[in-house]
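Enquirer: sequence and predicted structure, then a few things I'm wondering about:
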Amino acid sequence: MKTKLDLDSWNRKEHFEFFGGFDEPFFGITTTVDFTKGYQKIKDLGYPYFLFYLHKSLLAANSIEAFRYRIENDGVYLYNKIHASPTVGREDNTFGFAFMECYDDFETFVSESKKEIESVKNSAGLRHTDNAKRIDTVHYSSIPWYNFTGLSHARHFQFKDSVPKISFGKYTKVEGKLNLPVSVHVHHGLADGYHVGKYLEEFQKLLNE
């Protein structure tokens, strides 16, 4: 479900109109989260590495209202719940788009997401399906081969994109702590650095729980 915002009474109206006129309205930050406790859970309980932090990130994104805003036909809508649209790699070193519904329960999320992962791996091409095109998602990608300190995305500027994009890199161990690189890109008309900070704060909390 979604609700259309009344732009005239919205406290971000001028921000939305200002940044909405930019050729590139997205801004991004790259940082790290402490993955030490989360990684230990993966080892102790046998959790799937990618699905563990993807689930925590998706729950964190849903907790931030600004991450659930989407632009449609020049209006802004607030979705009740957003889902994951990650890339999934194949053995031939290509990838395909996936759609993973958000479930609060981790075991349910893992069970359903594993089915989608197998479907992508047994397909070919980008798999740009209707589900992959949904805007009530976060675009996720994982780059587990190396650490990164910055990241940019391919963008089609003629398309009015408003879907947040979150990427993860290879964790590194520094003085006994595991640092997981995270890149977050959001539409500046819908969110500011404050909202990204709140997402990262909640993501870190969920990783530690």
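Expert: Sure, I can see it.

Enquirer: tell me where this structure has strands.
Expert: Shown for the chain, the strands assigned by DSSP state E span residues 2-4, 26-34, 69-72, 75-79, 83-89, 95-97, 137-142, 165-168, 172-174, 177-187.

Enquirer: same list (the ones you listed) but as TSV, adding mean pLDDT and mean neighbour count.
Expert: In this view, the C-beta of every residue, glycine as well, is placed from N, C-alpha and C. Putting those into TSV (pLDDT from 0 to 100; neighbours: other Cβ atoms under 10 Å) gives the following:
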stretch	mean pLDDT	mean neighbour count
strand 2-4	98	12
strand 26-34	97	17
strand 69-72	97	20
strand 75-79	97	17
strand 83-89	97	21
strand 95-97	97	20
strand 137-142	97	21
strand 165-168	98	22
strand 172-174	93	11
strand 177-187	97	22
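
Enquirer: A61: which of these is closest?
Expert: A61 sits nearest to strand 137-142 of all the strands of the chain, at 5.3 Å, using Cβ to Cβ.

Enquirer: in its sheet, what does that closest one sit against?
Expert: strand 83-89 (parallel), strand 165-168 (parallel) (DSSP bridges).

Enquirer: pretty sure F168 is touching V184, no?
Expert: No. When contacts are counted by Cβ atoms under 8 Å, F168 is not listed as touching V184 (10.4 Å).

Enquirer: count of neighbours near H188?
Expert: Residues contacting H188 under the criterion other Cβ atoms under 10 Å number 19.
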